[in-house]
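Asks: Next come a sequence and a model predicted from it.
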Amino acid sequence: MEPGESVEEAVRRETMEETGLSILDMELFGVFSGPELFYEYPNGDQVYNVSIIYKAKQVDGQIRLNNEHSHWEFFQDKDIPLNEDSPLYPIFQEYIRRNAELSSQAEK
């Protein structure tokens with residue numbers, strides 16, 4: 001985040017910078033923290049991540065990556081690669097769990 005920037009402004013700015021997409025509508029998915037978000041980088045740096053995750057409900061634009069990324073992919077829920085060493089692993093698990101719960105409720 002930049003000084004004085006709201007979380008939502010940072011989400012929109014970072015998404016535009018890294019993907020070229022404008023987020024038109026989003027909702028808070030959750031705030032994730034704690035020991036399960038511990039991560040050790042290859043250089044030995046250790047962090048406990050605090051992640052504020054939004055779900056983009058409507059976007060506009062064309063994917064264009066900046067110099068931080070070399071490729072991108074979209075995944076169906078069932079195809080999300082679950083790498084247990086990733087600091088995103090607990091967040092992906094929660095996303096899959098909530099979507100399964102919503103699907104189950106919709107079937108009733």
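Replies: Done, it's in. What you are looking at is a predicted structure, and each value in this text was computed from that prediction instead of being measured.
Asks: Please make it C-alpha for all contacts and neighbour counts, starting now.
Replies: Will do.
Asks: Now do the strands in the protein.
Replies: Listed from the start of the chain, the chain has strands (DSSP state E) covering 22-32, 38-40, 46-48, 51-60.
Asks: For the longest one, enumerate the helices and strands it packs against.
Replies: If I follow you right, that is strand 22-32. helix 7-19, strand 51-60 (3 or more Cα pairs under 8 Å, 6 or more residues apart in numbering; DSSP states H and E).
Asks: picking up where we left off before, would you turn the strands of the chain into TSV with mean pLDDT, mean neighbour count and distance to Tyr95?
Replies: Converted to TSV, the strands of the chain look like this (pLDDT from 0 to 100; neighbours: other Cα atoms under 10 Å; distance: least, Cα to Cα, whole Å):
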stretch	mean pLDDT	mean neighbour count	distance to Tyr95
strand 22-32	96	14	8
strand 38-40	90	15	19
strand 46-48	95	13	20
strand 51-60	94	13	10
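Asks: could you dump the helices and strands packed on strand 22-32 to a markdown table with distance to Leu82?
Replies: Formatted as a markdown table, those follow (distance: least, Cα to Cα, whole Å):
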| stretch | distance to Leu82 |
| --- | --- |
| helix 7-19 | 22 |
| strand 51-60 | 17 |
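Asks: State the number of residues packed around Leu37.
Replies: Number of residues near Leu37 (other Cα atoms under 10 Å) recorded here: 19.
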